[in-house]
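Novice: sequence first, predicted model second:
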Protein chains: 2
Amino acid sequence: MTGRPRQSDIAKLAGVSQTTVSLTLNGKTAEHGINNETEQKIMAAARQLGYVPNVTARALRGGRNGLIGVHAFEPLFPTSKESYYEEIMIGIEQQAIRSGQDLVLFTSMHQDEGPASIFHEGRNRLRIADGAIILGFDEHDDELARLAAEGFPFVFIGRREKAAALMPYVTADYVTAVSDLMRLIHRHGHRRVAYIGVPDNVMPRLERRHSFRMACTDLDLTIVDSTLANYGELDPGWLERLLDGGTTALLVESTSHLEEIAALCAGAGVEIPDRLSVVGLDSINNSPAISRRWTHLTVPRLPIGARAVELLLEVLDGQHELTYHERLPCGFEPGVTLARPPA
Amino acid sequence: MTGRPRQSDIAKLAGVSQTTVSLTLNGKTAEHGINNETEQKIMAAARQLGYVPNVTARALRGGRNGLIGVHAFEPLFPTSKESYYEEIMIGIEQQAIRSGQDLVLFTSMHQDEGPASIFHEGRNRLRIADGAIILGFDEHDDELARLAAEGFPFVFIGRREKAAALMPYVTADYVTAVSDLMRLIHRHGHRRVAYIGVPDNVMPRLERRHSFRMACTDLDLTIVDSTLANYGELDPGWLERLLDGGTTALLVESTSHLEEIAALCAGAGVEIPDRLSVVGLDSINNSPAISRRWTHLTVPRLPIGARAVELLLEVLDGQHELTYHERLPCGFEPGVTLARPPA
DNA sequence: TCAAGGTTCTAATACAAATTAGATTTGCTG
DNA sequence: CAGCAAATCTAATTTGTATTAGAACCTTGA
C-alpha cells in the first residue's frame, strides 16, 4: 500500500542484492568484506529513496528499533491534575533524549474500561518496542510474571513482593529514608511519634510503614506510639486524643493530609511545630495552596524515571541479571515543621 | 529464545494446519467452512498453550503498525508547569485509546540543543510510524513542506500560512470566536475597546488580532481603539492613559496578563467590571492564583488533540485531500468581568 | 456412474529485514 | 598451473501471521 522504500528497492537501484544492502546499512561492511565503492552506492541510493527501516519487520526478526515502550496500567495524561506519573515521565523523557531513544506509549491497551491488561484479548503490543518500562500500582503481578517468563525485556518502576525476584526494577529507598528520619526525630528528643497512613496497601506506603515500625523498635523500645488513621478519622477529637496521649511528632504519609492537619491544629490552637512537629513522607509540589515550608522527605521520581531508561538499555545489552534492582535515595527538605518537643 | 506458543504449536497440538488455526482464531470459520468440532479443538489448544498473537508479525503482514507519531519541536513533558501541550496531549491520548492506536514520542530528535529537526541526519525518523501529528509554534515551515512533499501522512495542529495548502490541519476557530465576542461587547454598549497582545507573531495570536481589527471595522467605524502592549508596558501610567482615552473594555490575549491587570486596577482603585470590562482570549486553568471568574474564551485544546488523531486515521485511509482542514469552535466562559460601560 | 457442487482442510506465498551458508571471482604461492 | 585463501557478493532461510488458490473427500442428482 505504501510507497515506502524497502531494502529491495535500494538493492535494485544500486544493482546489488538485498543481503548486501542489509549488511551495509547495519555497518557490517568490514566483517563481510563489502567493497567501499559498493557501500557508497548503497548509501547514496538509501538517501535518495529516503529509506527508513520497517519497525515491524525488524522487531519480528528480533532486531532493535530504538523504541522504548512505556506502559502504565492507567492513562499517562490524566484529566485530573496531580498526575502521579508526571514527574516520572519527565525523567523518562529526559533520559530517552540523552540516550537517543524514542518512546512508545501503549495507549491501545486501554481500550476497555479499567486498568489496561497486557494480555487482554491477546493484544500484547509491547513487542513492537525493544523493551518496556512498566509502571502502575494496581495488582498485576501475574501479568508481570508472565511477561518475565516470556523473556520480554522490561524494567519495573516500583516494587512488588512477588515481582521482585523476576524482573529488574527501580524504586525509591523508602526504608533508609524513613529510618534516617526517625533517628533525626529521636535526636530532637521526641519519644512518642504517630504515623498517619493512607488506607491502602501499595508497596511504597507499606515500606514506609514497615520502616517506621522497625525504627520504633530499634531506637528505643516501647517509647513510640504508632497510629494508622483512615480518611475521615482526622477530626478535632482525634487530635485531642493524640496530644493527650503524649504524642509530640507526626509522620504524614500522604501530602494531601498535611494541610488538613494544619487546619485542624489551627482550629484547636495547636502550634506547629512548637506543640507538635509534623513531617511529610512524600514530595510536595510548589503551589499557592501549600501553607508553609513543611519538613518532608522527597521521592526522587525524576531520577527514577531516568534511571529506568538507562537500566532498560543495560538489560537489553545483557548486562544484568533479572533479579537486579536499584533503590535511589530519597531527598530531605528541612522545612520549618520539625522542632524539639515542648518541655 | 521464545517460550511463546505460535499458531504452529496450536496446529500441532490440534492436529491441523497453521492456516486452519489462523482462520479459526480470526473468526473466519463460517466463510471458510471450518468444522465446529475442529474449531473447539483449536480453541482448546490455544487456551491450553496460552496463545497470544505476535503483533509484529501481524503488523508486518497488514502493512500498518498501529503507531501514531507525535512530534513537537519542544519536549512534551517540560519541567516548567503550565505546559502548552499538556491539554492537547490529553486529547491525543484519549482518542488514541478509543481508536486502538499507540503513540510514538520522538524524543530521539531532541538530542542536540534547540528545536528538534525532523530530518535529523538526513533521515526522516517519523516514518517508523504509520503517520504523525505535528505540533509546535516555531518556524519550521520548510520542514513541514518537505515532509508533505515526501508524501508522508501527517496532520498539523495549528495553522501556518504556507503550510495551509500542503497538509491537513486542525485548529481553533479564533476568527469566529473573537468576532462573536466583539459583537457581544458591542451589544453591551462599549465603543472603545483596547487589545493587550503578546509581542510575538505566532498564528493563533495573529488570528485573534486580525479578527479583532476586522470586527472593529465591521461593527462601527472608528469608534474603537486598538492597543498592542509589550511586556513591561503594563504600569499605572499605561492604565491611566487608557482610561483617560475613554476605553471601557479590554481584550487580553494571554491569560498570564489577566492577574497583572487585576493588580494594576486594584492599585489605582479601578473596579472591574464597573469601570472597566476585562475579557480573556484564552483558556484559564483552575488554580488558587486566579482571583476571580474572568469572562473569557476557551481554546478547545482537548478536542483539537482528539480530532487530530481521528483525522490522521482518516487521512491514512485516503479519505481526505491534503488541503483538508478543520476549525473547532472556541468556548465561552461568561464569568463576571464583562458589564455595561460606566454611564 | 459420473459430473456438479459442497464441505473441510492444506500448501504456498507475501510481508521486510537479518543471517547463514555458500558461490564466484581474483590473487597469490609453490 | 594446480591449489588455497581472501575478497566480494548472493541464494536461501528465518521470524509469525494472513490469505489465496486449490486439493481431497463427500454428497447428490440425472
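Specialist: Right, received. Where do you want to start? Residues are numbered from 1 along each chain as shown, chains lettered A, B, ... in the order given.
Novice: ranges for the strands of the stretch 101-250 of chain A?
Specialist: In the stretch 101-250 of chain A, the strands defined using DSSP state E, counting those that start in this stretch lie at A:102-105, A:131-135, A:154-157, A:169-172, A:193-196, A:249-252.
Novice: low-confidence regions, the stretch 1-150 of chain A specifically.
Specialist: A:1-2, A:78-82, A:113, A:120-123, A:137-139 (pLDDT under 70).
Novice: near DNA strand D, which residues of it?
Specialist: A:15-20, A:23, A:32-35, A:37-38, A:57, A:60-61 (Cβ under 7 Å from any atom of the strand). C-betas here are computed from N, CA, C, even on glycine.
Novice: can you pick the most crowded of the residues you listed?
Specialist: When neighbours are taken as other Cβ atoms under 10 Å in any protein chain shown, the top entry among those is A:T20 (22 neighbours).
Novice: spatially nearest residue to A:L105 (excluding sequence neighbours)?
Specialist: Spatially, and ignoring its direct neighbours in sequence, A:L105 is nearest to B:L103 (4.3 Å; Cβ to Cβ, 6 or more residues apart in numbering or on different chains).
Novice: which residues does the one you found form beta bridges with?
Specialist: Each beta-bridge partner of B:L103 is listed here, defined by DSSP bridges: A:L105, B:I68.
Novice: for the residue most central in space within chain A, report the pLDDT, please.
Specialist: In chain A, the C-alpha nearest the mean C-alpha coordinate belongs to A:I157, at 4.0 Å (Cα atoms, centre = their mean). In the predicted model, A:I157 carries a pLDDT score of 93.
Novice: I'd like the distance between it and chain B.
Specialist: According to Cβ to the nearest Cβ, to the nearest Å, A:I157 and chain B sit 15 Å apart.
Novice: hmm, that residue is touching A:E87, no?
Specialist: No: because the distance of 11.4 Å does not satisfy Cβ atoms under 8 Å, A:I157 is recorded as not touching A:E87.
Novice: now do the shared contacts for those two.
Specialist: A:G305 (Cβ atoms under 8 Å, 6 or more residues apart in numbering or on different chains).
Novice: what's around the single nearest residue of the stretch 201-343 of chain A relative to DNA strand D, how many residues?
Specialist: Nearest residue of the stretch 201-343 of chain A to DNA strand D (Cβ to the nearest atom of the strand) works out as A:L316 at 18.4 Å. When neighbours are defined as other Cβ under 10 Å, A:L316 has 16 of them.
Novice: so who does it touch?
Specialist: If a contact means Cβ under 8 Å, 6+ apart, then A:L316 has A:R64, A:D130, A:G131, A:P153 as its contacts.
Novice: out of those, which is nearest to B:A289?
Specialist: For B:A289, the closest of the contacts of A:L316 turns out to be A:G131, at 41.3 Å, with distances computed as Cβ to Cβ.
Novice: and the closest one, bridged to which residues?
Specialist: With DSSP bridges applied, A:G131 shows beta-bridge pairing to A:I68.
Novice: my read: it touches A:V315, true?
Specialist: Yes: A contact is recorded between A:G131 and A:V315 when judged using Cβ under 8 Å, the distance being 6.6 Å.
Novice: got any residues that touch both of those two?
Specialist: By Cβ under 8 Å, 6+ apart, A:G131 and A:V315 have these common neighbours: A:P153, A:F154, A:V155.
Novice: count of residues packed around the closest residue to the second one other than its chain neighbours?
Specialist: Ranked by Cβ to Cβ, 6+ apart and with sequence neighbours excluded, the top spatial neighbour of A:F154 is A:A132, at 4.4 Å. A:A132 is surrounded by 26 other residues when neighbours are defined as other Cβ under 10 Å.
Novice: thinking A:A132 is in contact with A:H71, fair?
Specialist: Yes: A:A132 is within contact range of A:H71, at 5.6 Å (criterion: Cβ under 8 Å).
Novice: which residues are common contacts for these two?
Specialist: Contact criterion Cβ under 8 Å, 6+ apart; residues shared by A:A132 and A:H71: A:F106, A:L126.
Novice: stretch A:86-96 vs chain B: in contact?
Specialist: Yes: with Cβ under 8 Å from any Cβ of the partner chain as the threshold, stretch A:86-96 lies in contact with chain B, specifically through A:E86, A:M89, A:I90, A:I92, A:E93, A:Q94, A:A96.
Novice: most neighbours among those residues, which one?
Specialist: If you rank these by neighbour count (other Cβ under 10 Å), A:I92 sits at the top with 30 neighbours.
Novice: and it, that one's in a helix?
Specialist: Yes: when the secondary structure is assigned by DSSP: H, G, I helix; E, B strand; the rest coil, A:I92 falls within a helix.
Novice: burial count for the spatially closest residue to it that is not a sequence neighbour?
Specialist: Using Cβ to Cβ, 6+ apart and skipping residues adjacent in sequence, the residue nearest A:I92 is A:G305, 4.0 Å away. A count of nearby residues for A:G305, using other Cβ under 10 Å, gives 27.
Novice: got it, and A:A172?
Specialist: By the criterion of other Cβ under 10 Å, A:A172 has 27 neighbours.
Novice: distance of it from A:E93?
Specialist: Computed with Cβ to Cβ, to the nearest Å, the distance linking A:A172 and A:E93 is 19 Å.
Novice: break chain A down into its domains, please.
Specialist: Domains of chain A are assigned by automatic domain parsing as A:1-44, A:67-172+A:302-330, A:174-300.
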